[in-house]
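S.K.: Based on what follows, work out the 3D shape:
(2 chains)
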Number of protein chains: 2
Amino acid sequence: MENQEKYTALANRIYDLDGEVYKCVGSSLGRTFTGKRENTIRTLSMIMYTKPDSHLLRSELALISNMARTIKDKEARSRMMTEYDEILKELESLPNVFGSTDIVDKERVALNLAANREKMSPDDHMVICISRTQGSAGNDIGFELADSLKINYYDVEIFDQVLKRLEAEKDNLKDTENFTDFNKYDRKEHKDIKTRLREFNRYHGLKKSDAVFFNMSDLICELAQKEDCIIMGRCADVILKNNHIPHISLFISAPFSVRAKHIMDVRNMSLAQATRFLKKMDKQHRKYYEFYTGEKWGKPENYDLCINSASYGIKETIDVIQRMLNQQA
Amino acid sequence: MENQEKYTALANRIYDLDGEVYKCVGSSLGRTFTGKRENTIRTLSMIMYTKPDSHLLRSELALISNMARTIKDKEARSRMMTEYDEILKELESLPNVFGSTDIVDKERVALNLAANREKMSPDDHMVICISRTQGSAGNDIGFELADSLKINYYDVEIFDQVLKRLEAEKDNLKDTENFTDFNKYDRKEHKDIKTRLREFNRYHGLKKSDAVFFNMSDLICELAQKEDCIIMGRCADVILKNNHIPHISLFISAPFSVRAKHIMDVRNMSLAQATRFLKKMDKQHRKYYEFYTGEKWGKPENYDLCINSASYGIKETIDVIQRMLNQQA
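M.R.: So this is what the prediction gives:
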């Protein structure tokens, strides 16, 4: 019942504030609350403890404060806004009112370096995983961001080279299973029995592309625990998440038409060629991602942050990411 | 042919840098370039003017700089990195090399306040359009962000109230066409002929929901030209884009499981109820957005920035947005 009294007191303050703001503003829209005082107080108090509807209360308050901000007289405006802020604070301290329930994926927040810098241990590294669509200039952005942050940059070619050299000592495995060639269901390639048998032993019965992926996963985990770096693609965000290694996951894309234009510029292609190329690459990307993660590719909720590079351009996208990381001087 | 010489000179510098870095590091991975000098120089020069493959050059350079950063001797490391930076700058100044083609949707960048603050005229306002999925705490985030930026907040309830009052003077139109009830294809509602005829005249032959939408569009454009504000939903970003009014478009979402949990907390629902509710709301959202915009709902490239609120929580999401806007003290 104590809360009941608080509700009524707050409802009265809200009603009075509305009246005062109206007096100062003289808005053509009139008061927020046009009904009788007692009825309004009863409704407001009711809303306060009916959780599903507490957003209505927020809207009413926003309406009052929107008007209060237009008050010309400085002193009066400041007085109204102070009262408004105080009411808001009181409301937020009540149980079950709007804003009191946070939205948090605890595991994700714990791993998210950009949300959580001060909680990280000194052993944790700034690892930025960047997924991107072909033609969105995602690689340019990743490369220049690494340069600007003075941290290492890893993309598929670098991984291939590193893996190749690491394996060379063992038995000359060549990681030719490049992303570009990835096609889970492609049966065009015919190998003789000897090659198949050798590969079967080599990869312990795994398909070669799977073996390369697991190899890559180990390498990515190792890197992320050892140094600050930027990792392009390779489902690195999912790999690190599954291994509980802190990182930030970004997705960079741009509208199809802008990507097509970019590809035409960069690859000297016609619109038809660029369109065909992009569609093919998007499909391969999607397949690769969905096969290894079981998740849908390019859904915003699979990443911490998605950036439309066409809305910013390369330099400003890098700048936005740095501001987001709070790494900028 | 002048460029040809530049290419060769740069290729030589890259080859030498690789050699020097290798000497200092003694990495087990060995040099980046293991082939003969002349062959490597020829390949590198070739890559420089073969645009589609210039990203390979970038990877080679990244490999060298990744190693250079591990050099223990400070003086040597700084010398190598300086040479690396200079090579990079020279490369970027060449035509047709990586990074020289920007990705930009000119129209979008021109309207994007977060990309473009200094270019805005003093008449332009900081208008932040926030789309969000149900249960992602998007409304809490929008409301608190408005409060923190001290700008006005508009959501569907406020629009309804404002429109209602504006129309009240005319002929008592009640905008009961709330978003929650939006269903383009719902024929459950039966109206008598008199009501239908009256509405037909009133809305000039438009369906009532369409008329309300156009009314809302006018209001949104008016607001965005008059004041800084936050506008929740209502396809406001698309409306403003079509009317060439500067704004920032954000999409806030969170994984389905986290949203379901949030809805259970806020609305006292069981998991089954929350799941059903979310699916219904997502469907309505999608329909509304696709009907009025012809675009797919929730695709990252339709917004400037998408944020996964579950990766940050409410407070930190607001903070990330403010850092992105560069509005923070």
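S.K.: Quick one: name the residues of the stretch 201-329 of chain A near chain B.
M.R.: Proximity of the stretch 201-329 of chain A to chain B, by C-beta under 8 Å from any C-beta of the partner chain, involves residues A:251, A:253-256, A:258-259, A:262, A:265-268, A:298-316, A:320, A:323-324, A:326. From N, CA and C alone the C-beta is placed, and that goes for glycine too.
S.K.: May I see the ChimeraX selection of the buried members of the residues you listed?
M.R.: Of those, the buried ones go into a single ChimeraX selection, burial set by 16 or more other C-beta atoms under 10 Å in any protein chain shown:
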select /A:251,253,254,255,256,258,259,262,265,266,298,299,300,301,302,303,304,305,306,307,308,309,310,311,312,313,314,316,320,323,324
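S.K.: Narrow the residues of the stretch 201-329 of chain A next to chain B to those in helices?
M.R.: Under the assignment DSSP state H, these contribute A:256, A:258-259, A:262, A:265-267, A:314-316, A:320, A:323-324 to helices.
S.K.: For those, which two are the farthest from each other?
M.R.: Pairwise distances across these (C-beta to C-beta) peak at 31.5 Å, for the pair A:267 and A:323.
S.K.: Excluding residues flanking it in the chain, which one is nearest residue A:300?
M.R.: Nearest non-adjacent residue to residue A:300, counting by C-beta to C-beta, 6 or more residues apart in numbering or on different chains: residue B:306, 3.8 Å away.
S.K.: OK, contacts around that neighbour?
M.R.: Contacts here follow C-beta atoms under 8 Å, 6 or more residues apart in numbering or on different chains; on that basis residue B:306 touches A:251, A:300, A:303, A:305-307, B:250-253, B:300.
S.K.: Who does it form a beta bridge with?
M.R.: Beta-bridge pairing of residue B:306 under DSSP bridges involves residue A:306, residue B:251.
S.K.: separation between it and residue B:70?
M.R.: Going from residue B:306 to residue B:70 by C-beta to C-beta, to the nearest Å gives 35 Å.
S.K.: what's the closest residue in space to residue A:229 that isn't next to it in sequence sitting at in phi/psi?
M.R.: Nearest non-adjacent residue to residue A:229, counting by C-beta to C-beta, 6+ apart: residue A:152, 4.2 Å away. Main-chain dihedrals, residue A:152, degrees, to the nearest 10: phi -70, psi 150.
S.K.: Residue A:129 too?
M.R.: phi -90, psi 120.
S.K.: State the number of residues packed around it.
M.R.: Residue A:129: 27 surrounding residues under other C-beta atoms under 10 Å in any protein chain shown.
S.K.: what residues are up against residue A:265?
M.R.: For residue A:265, the contact set (C-beta under 8 Å, 6+ apart) comprises residue B:101.
S.K.: what's the pLDDT at it?
M.R.: pLDDT for residue A:265: 85.
S.K.: just the one 10 residues further on next, same as before
M.R.: On the pLDDT scale, residue A:275 is placed at 96.
S.K.: Who's the closest spatial neighbour of it, skipping the chain neighbours?
M.R.: Closest to residue A:275 by C-beta to C-beta, 6+ apart is residue A:260, at 5.6 Å.
S.K.: Check residue A:63 too.
M.R.: Of all residues not flanking residue A:63 in the chain, residue A:32 sits nearest, at 4.9 Å (C-beta to C-beta, 6+ apart).
S.K.: Right, I'll call it a day here.
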